[in-house]
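In: output the structure for:
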Amino acid sequence: PVIGTERSDDGTLVAVSTARMSAHRESVQHFEVDRRLDADAAKALEESIRSVLRDVHAAVDDFDPMRRAVAKMAEAAKASVHNYGYEEIAEAVAFLDWLLDDNYVFLGYRDYEIDDGPEGPHVHAVADSGLGILRGNGSEPSSILLADLPLHLQERYSGGSLMVIAKTNRNATVQRDARMDYVGLRRLDDDGRMVAELRLLGLFTSKAYITPASEIPVLRSKLQQVLKDQDVIEGSHDYKSLVQVFESFPKDDLFAMNVDALSEMLGDLVETEETSAVRLFVRRDALNRYVSVLVTVPRDRFNADLRKKLQALFLEAFGGHAIDYRLALGESGDARIHFSVWIEEGAPLDIDIAELERTAVALARNWDDRVIEALRQRVGEHEAKVLASAWTSLFPEYYETSTDLEVVAGDVVCLDRLVGSGRDVLVGLQNEVPSTTTTSVGDPLTRITVYRSSGKLNLSEMMPLIEHLGLIVVEEVPTRLTNEQGTFIHDFGV
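Out: Numbers count the residues shown, from 1 in each chain. Below is the predicted model:
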């Protein structure tokens, strides 16, 4: 609750009053720890709380100076006319103005400069330029040689776009527990060399996240460039599909991706919607802090179990220490799971993406997919899909979990042949595959299967006929289909 308070000069609470009638108000928060802490743990907890409160005070105290720093960033962007195009500068300035319109929680700001030294160019924080959570930079901040930075950061300082918008690898201690949003603006000299970076840290607000991406500066220009690259006509089906997919993308990814990569991915996604295929798209963050993985699956295959399996797969593949995900449902029936795999420095870079995609596809396959694959070997791609669509939904659950896929494929072919023949009974013959036999001991069996359209047959009538052939019946596995006719399968292992 928020209460009115009165304190002495040394901070001692001397009076409590109603919040509405008080000149000074405080928010009172009470927390309970669910375990006893020893002295060291209690002291560490206290220091953590004090550290968070210091961050809160710093962000609140420097709120107005940070807003003025954003205006300084806009002026620096406008001064970049000799190095960047008008549209890029205009969008950068519009984006910075957009941040000021309650779309950003300002947490920290700092200037960095690049100077030449005897050992080469080095970057350092500008003394006394820090604001908010970055205010404690000292009067003589240390410098780092550019040559000692990871290659991807060296490339950032040697070239690139005017403004970078990305996620940090550090969570915010103010407002909400989430990775902070970093906005960096490059400042160049007359020769086009980067001489400084103006760096802003904060969090996009809920207002920013609910605003359509097509209305946000920087993102709106990316959308227009994508539509141009894909050569779609306004109002056409492809145009609407591209806009819909663009709007469904996490804004963090839209900010981070360059236009060429975004255009290619969106085009592939629109094609995937029409095929209902399982696809995998992988992109590394420009600052090499995380790997973005997008998986598209038919909506009816998505569930929490699949998502957890994919998370474990990507964490292991990329050597990640944490993973976030967001789910988007497409209009045409697909589900898109956006994963962000947070990686440590030195994580593996050379990943076999094709093999990773094959593994993801295998995880996303359901029983129908596996039946189609088994049928494909017998009747071809098209006929396999037709037969699976007609029959797989009619089998009971116990049949799906206990029957070998090769036997299932044989059953489907025979059932379709039974219907096509117009007869009431058909007999099929199959041999079990040794590695996938349905019996727990002994040699693989031969399966004599009797299919009947009008229901169950009497075992007392069938058993003598089979034994008369000189065969020993080891087992009989009955299966009733869920169609109106009650089609029945008598599966004898001999």
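
In: please enumerate the strands of the stretch 301-450 of the chain.
Out: Secondary structure of the stretch 301-450 of the chain by DSSP state E, counting those that start in this stretch: the strands cover 320-329, 334-343, 425-431, 446-452.

In: list the pairing partners of the second one within its sheet, with orientation.
Out: For strand 334-343, the pairing partners within the sheet under DSSP bridges are strand 290-298 (antiparallel), strand 320-329 (antiparallel).

In: can I get it in PDB, CA atoms only?
Out: The C-alpha trace of strand 334-343 is given here as PDB (Å, rounded to 0.1, in the frame of the first residue of the first chain):
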ATOM      1  CA  ASP A 334       0.400 -23.200 -37.700                       C
ATOM      2  CA  ALA A 335       2.100 -22.500 -34.400                       C
ATOM      3  CA  ARG A 336       5.400 -20.600 -34.300                       C
ATOM      4  CA  ILE A 337       7.600 -21.000 -31.200                       C
ATOM      5  CA  HIS A 338      10.300 -18.300 -30.900                       C
ATOM      6  CA  PHE A 339      13.100 -19.400 -28.700                       C
ATOM      7  CA  SER A 340      16.000 -17.200 -27.400                       C
ATOM      8  CA  VAL A 341      18.900 -19.300 -26.300                       C
ATOM      9  CA  TRP A 342      21.200 -17.300 -24.100                       C
ATOM     10  CA  ILE A 343      24.800 -18.300 -24.500                       C
END
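
In: what mean pLDDT does it get?
Out: Strand 334-343 carries an average pLDDT of 87.

In: quick one: the one helix or strand Val282 maps to to strand 290-298, angle?
Out: When elements are assigned from DSSP states H and E, Val282 belongs to strand 279-284. Counting by axes from the mean of the first three to the mean of the last three CA atoms, to 10 degrees, strand 279-284 lies at 170 degrees to strand 290-298.

In: what's strand 279-284 packed up against?
Out: helix 259-275, strand 290-298, helix 353-364 (3 or more CB pairs under 8 Å, 6 or more residues apart in numbering; DSSP states H and E). No exception for glycine: its C-beta is placed from N, CA and C like everyone else's.

In: out of the strands paired with strand 334-343, deepest packed?
Out: strand 290-298 (a mean of 23; mean count of other CB atoms under 10 Å).

In: over to Ser48. Which of the three states is it?
Out: Of the three states, Ser48 takes helix under DSSP: H, G, I helix; E, B strand; the rest coil.

In: and if you look at Val56?
Out: Criterion first, three-state DSSP; result for Val56: helix.

In: okay, stretch 241-260 in PDB with CA atoms only?
Out: Output of stretch 241-260 as PDB, limited to C-alpha atoms (Å, rounded to 0.1, in the frame of the first residue of the first chain):
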ATOM      1  CA  SER A 241       0.000 -12.800 -45.200                       C
ATOM      2  CA  LEU A 242       3.300 -11.000 -45.000                       C
ATOM      3  CA  VAL A 243       1.900  -8.200 -42.900                       C
ATOM      4  CA  GLN A 244       0.100 -10.700 -40.600                       C
ATOM      5  CA  VAL A 245       3.300 -12.800 -40.100                       C
ATOM      6  CA  PHE A 246       5.300  -9.600 -39.500                       C
ATOM      7  CA  GLU A 247       2.800  -8.400 -36.800                       C
ATOM      8  CA  SER A 248       2.900 -11.800 -35.100                       C
ATOM      9  CA  PHE A 249       6.700 -11.700 -34.700                       C
ATOM     10  CA  PRO A 250       8.200 -10.800 -31.300                       C
ATOM     11  CA  LYS A 251       9.200  -7.100 -31.500                       C
ATOM     12  CA  ASP A 252      12.500  -8.000 -29.900                       C
ATOM     13  CA  ASP A 253      13.400 -10.100 -33.000                       C
ATOM     14  CA  LEU A 254      12.000  -7.500 -35.400                       C
ATOM     15  CA  PHE A 255      14.300  -4.800 -33.900                       C
ATOM     16  CA  ALA A 256      17.300  -7.100 -33.800                       C
ATOM     17  CA  MET A 257      17.100  -8.600 -37.400                       C
ATOM     18  CA  ASN A 258      18.500  -6.800 -40.400                       C
ATOM     19  CA  VAL A 259      16.000  -6.300 -43.300                       C
ATOM     20  CA  ASP A 260      17.500  -8.900 -45.700                       C
END
